Every structure is written in structure tokens, then in C-alpha cells.
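*Asks:* predicted model follows, preceded by the sequence.
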Amino acid sequence: STQHLIIDIRNNRGGFDNIGAELFSYLIDSTWHFYDYLEANIWKADNPFFEYSNLPQPEIDTLMTQLILEENRQIVSQDGFELLDSTGISNNYPSYSGKCYLLLNEHCFSGATEFATTFKVYGRGLIIGQETGGGFGVNCSGWIPTFTLPNSGIRLNVPLFKYVSQTYGESYEGGVLPDIKIEECIENLFKQEDVILNTALEQIKLEGSKNLHH
């Protein structure tokens, strides 16, 4: 009976990809795709690259079992990541068929941006807020070991996988763009006024008035 649903993922820096996929599976009533492909550079378990990482050898060996060589690159196999499914992912029942409003800002990254990308590609609702910090359709994440540079001792966290969402050819060199762009200002923070959320509520009121006139 709920006609309008606001999903607020502002300041969400990501997490486990299956959580975003599971959420979206309740918002669609047909088979859909989350990832197009996952890619990694070609390396072997004994590559010197790993000598400077904090990954123990058993984890490196496990990682290698999840990769298959295809066209000069390493692709994560379906055995390792169930969301890489060329046949599509089934939705969860009962799926929600009402109107959705997705709230974003520049602090959305990784898994949150993957969810936002899928939401936008499938046209599941109105996106309100700011362009995400994470890229539309692509991000680097997955296994993120820490590497210590041998001479300087500087430590770096380096993601090993390139995740490419299914966008059906749509591309944009930036983040996920909102349908209604809202610029935050310091005055709103002092007033504790949530302009992005208020805009979503105003859109719901507009939808309600349209239905009354029909």
C-alpha cells in the first residue's frame, strides 16, 4: 500500500556488493543485470608484486582460484562472485512497484555508486541530490590489500579489481548524475535544513496533487 519510497544512501562509502544487489532485487519485477564484467591485471601467485602486500600466501592462492584468463586479462569467474551472471539475476518477491526517490551526494562511493548506477540504468525512479564521488558504471575495489613500498616505507591500499556495471552502452566519465541537482550551502547546515530530503518530499506532494486532478 506504500505509494512512495525514499532511499537515502548519502554519505554511504560502499560495502559488500551483494547488499546493494539484494536491495535492488526488491525494486524490479523482471530479470536484471548488476555487473557486465570484472577485470584484474594479469599476475600469478608468485608475482613479486605480492611480496610487499599484507596478504598471506593462502589468501593469494585463494584469490588466484577465482580468476580465469580471457583475452589477455584476468576475469573474476562466476564461481567467485555470484553477481557476475550473464543470464541475469532474478528479482525478489514481492517486488515494490511504487515510486522511488534515491538521495545521493558526493560522499557516495563503491558499492553505493554501483547501486545508484543500476537504479539509474533501469530507470527505477527519481534521483535527487549531488553527483556521486564514485564513478558511473565503474569502480576499483574488491580485495584491497595494503602494500608497503620497500624504500620509503609508505603504505598504500590498492584495490585489485575493476568492477564494471551493466549499463547497456551508456557511459559517462564522472559520477552518477541526479535528475534534480541540489547544491548544499553552509546556511542550510546552520539551519539544520535537509534540502535534498525536503525536495524529495515536495516531489511526493506534487505527485499527490496530480493524482487528485486526475
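*Replies:* Great, that's in hand. Numbers count the residues shown, from 1 in each chain.
*Asks:* got the CA coordinates for stretch 173-185 in PDB?
*Replies:* Output of stretch 173-185 as PDB, limited to C-alpha atoms (Å, rounded to 0.1, in the frame of the first residue of the first chain):
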ATOM      1  CA  GLU A 173      33.200  10.000 -17.300                       C
ATOM      2  CA  GLY A 174      32.100  11.100 -13.900                       C
ATOM      3  CA  GLY A 175      29.800  10.000 -11.100                       C
ATOM      4  CA  VAL A 176      26.100   9.100 -11.100                       C
ATOM      5  CA  LEU A 177      24.200  12.300 -12.000                       C
ATOM      6  CA  PRO A 178      21.000  13.300 -10.200                       C
ATOM      7  CA  ASP A 179      17.800  14.100 -12.100                       C
ATOM      8  CA  ILE A 180      17.300  17.000  -9.700                       C
ATOM      9  CA  LYS A 181      20.600  18.600  -8.700                       C
ATOM     10  CA  ILE A 182      20.800  20.200  -5.300                       C
ATOM     11  CA  GLU A 183      23.700  22.300  -4.200                       C
ATOM     12  CA  GLU A 184      24.300  22.300  -0.500                       C
ATOM     13  CA  CYS A 185      25.300  25.500   1.300                       C
END
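*Asks:* tell me if I'm right that residue 168 and residue 121 touch.
*Replies:* Yes - using CB atoms under 8 Å, residue 168 is in contact with residue 121, at 6.6 Å. The C-beta positions use only the backbone N, C-alpha and C, and glycine is treated the same way.
*Asks:* compare these two (neighbour count), which wins?
*Replies:* Neighbours per residue, other CB atoms under 10 Å: of residue 168 and residue 121, the larger number sits with residue 121, 18 against 9.
*Asks:* how near is that one to residue 38?
*Replies:* Applying CB to CB, to the nearest Å, the value for residue 121 to residue 38 is 17 Å.
*Asks:* what is the neighbour count of residue 164?
*Replies:* Number of residues near residue 164 (other CB under 10 Å) recorded here: 17.
*Asks:* quick one: it is in a helix?
*Replies:* No - per DSSP: H, G, I helix; E, B strand; the rest coil, residue 164 lies outside any helix segment and is strand.
*Asks:* adjust the sequence numbering to begin at 6 for everything that follows.
*Replies:* Done: numbering now begins at 6, and the last item shifts to residue 169.
*Asks:* so it sits right up against residue 41, yeah?
*Replies:* Yes - using CB under 8 Å, residue 169 is in contact with residue 41, at 4.7 Å.
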